[in-house]
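[1] Quick check, what structure comes out for this input:
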Amino acid sequence: MMIRAKFRKAKRLRYISHLQLLDTLRRAIRRAELPGKYSEGYNPTLNLSLSQPLPVGMAGGGEYLDLELTAALEPEDFCRRLNDSLPRGIEILQARLTDNRLKSLQAVVDRARYHLLPPLKDQSREVRDSRAEAVLQEFRNKKEIIVVRKRRNKSDRSYNLREMVHEIKTAAEGRWSFLVSTGSRGNVRPEEIIRGLQQIDSSIGEQPLINFYREGLYVSRPPKLLTPLADEIMEGE
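    Predicted coordinates:
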C-alpha cells in the first residue's frame, strides 16, 4: 500500500538540500506516528522517496513524495497529521492512497515548469512588457538553440535546448513560464534557460536560482499533461 502526496517548499526553506528535506519529512512522519513501512536490515529506514530534487536556493509549489504504508490511512488524515508535524515552509497539499504498484516518481515524471520574472532592465513597464513578449516569441520561433553543459570530471556537452523546451508563455504577474524536459530521458537546468535567452537578448544577465520558482512537476501523455496524482498514473501502468 502506498500514499502519494503533493507538497510545497516555500522560499523560507529554499536553502535546505534534497537530503535535508528527505530527513525533515522522515522525522515529521515519525512524530505524526503515521504507519510508514520500514526497510529490512540492520539500519531500517522509511520507504519514502521524493520526485526530482529541487535545486538548492529554489522554492517549489508542486513537489511530490511516495510513502509505503503498513496500514490504510485516509488521505485527508495523512495531510492533517503530517502538516501538524512539519516545520513552517513545507505543506502537504493533497494525497491519494493506492494498492497499485506504481513506477517511482523519478521514473515517471518527465516535465517541469519553471517561472521567472523577465530579467529585463527597461524603466518603462510598457517597454519592458513589449520586449519580454518579443524575446519569448523569438525563442518560440527558433528551431535550434545550442547551449553547452559544464560537467564535473567530464567533457562539456552541447545540446539543442529548444527541443527540450515544450511550452513558453507568460504566466501571472508577467512571469515567464517554461515547460521543460526533466528526468533521466533529458533534463534542462534553469541556468541553461538563461543561456538560451542570452542568445536572443544579450542584455539579459546571469540569474541566481532564487529568481526561479518551480511551479510543478508533470507527466507527459500527449496530448495530455498530467500530474503524478492523476487517475491515469495512480491506476498503474
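[2] Quick one: the helices in the chain, in order.
    Applying DSSP state H to the chain gives helices spanning 18-31, 75-85, 105-108, 125-141, 190-200, 231-234.
[3] Relative to residue 4, which of these is closest?
    Closest to residue 4 of those, according to Cβ to Cβ: helix 231-234, at 6.9 Å. (Glycine included, C-beta is placed from N, CA and C.)
[4] Against which helices or strands is the closest one packed?
    strand 224-226 (3 or more Cβ pairs under 8 Å, 6 or more residues apart in numbering; DSSP states H and E).
[5] For the strand it packs on, give me every contacting residue.
    Contacts to strand 224-226, defined as Cβ atoms under 8 Å, 6 or more residues apart in numbering, come from residues 111, 179, 218-220, 232-233.
[6] May I see the PyMOL selection of the buried members of these?
    Selection of buried members from those for PyMOL, criterion 16 or more other Cβ atoms under 10 Å:
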select buried, resi 111+179+218+219+233
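[7] In JSON lines: the contacts of strand 224-226, plus distance to residue 201 and pLDDT.
    Rendered in JSON lines, the data for the contacts of strand 224-226 read as follows (distance: Cβ to Cβ, whole Å; pLDDT from 0 to 100):
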{"residue": "111", "distance to residue 201": "25", "pLDDT": "98"}
{"residue": "179", "distance to residue 201": "21", "pLDDT": "98"}
{"residue": "218", "distance to residue 201": "28", "pLDDT": "98"}
{"residue": "219", "distance to residue 201": "32", "pLDDT": "97"}
{"residue": "220", "distance to residue 201": "29", "pLDDT": "96"}
{"residue": "232", "distance to residue 201": "39", "pLDDT": "94"}
{"residue": "233", "distance to residue 201": "38", "pLDDT": "95"}
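[8] Closest one to residue 211 out of the contacts of strand 224-226, please.
    The shortest approach to residue 211 among those belongs to residue 179, at 17.9 Å (Cβ to Cβ).
[9] Report the inter-axis angle for the helix or strand bottoming out on mean pLDDT in the chain versus helix 190-200.
    Least confident helix or strand, the chain: helix 125-141 with a mean of 86, by mean pLDDT, DSSP states H and E. Angle of helix 125-141 versus helix 190-200, following axes from the mean of the first three to the mean of the last three Cα atoms, to 10 degrees, is 100 degrees.
[10] Can you spell out which helices and strands pack onto helix 125-141?
    strand 165-170, helix 190-200.
[11] follow-up on the earlier one: for the helices of the chain, state which one has the densest average packing.
    Among the helices of the chain, the stretch with the highest mean neighbour count (mean count of other Cβ atoms under 10 Å) is helix 190-200, at a mean of 19.
[12] Would you mark the buried spots in stretch 2-17?
    Applying 16+ other Cβ under 10 Å to stretch 2-17 flags 2-9, 13-14, 16 as buried.
[13] Now stretch 177-188: buried residues?
    For stretch 177-188, using 16+ other Cβ under 10 Å, the buried residues are 177-183, 188.
[14] hmm, back to that, just curious, which of the buried residues of stretch 2-17 is nearest to residue 120?
    Minimum distance to residue 120 across the buried residues of stretch 2-17 is 23.5 Å, recorded for residue 14 (Cβ to Cβ).
[15] Great, nothing more from me.
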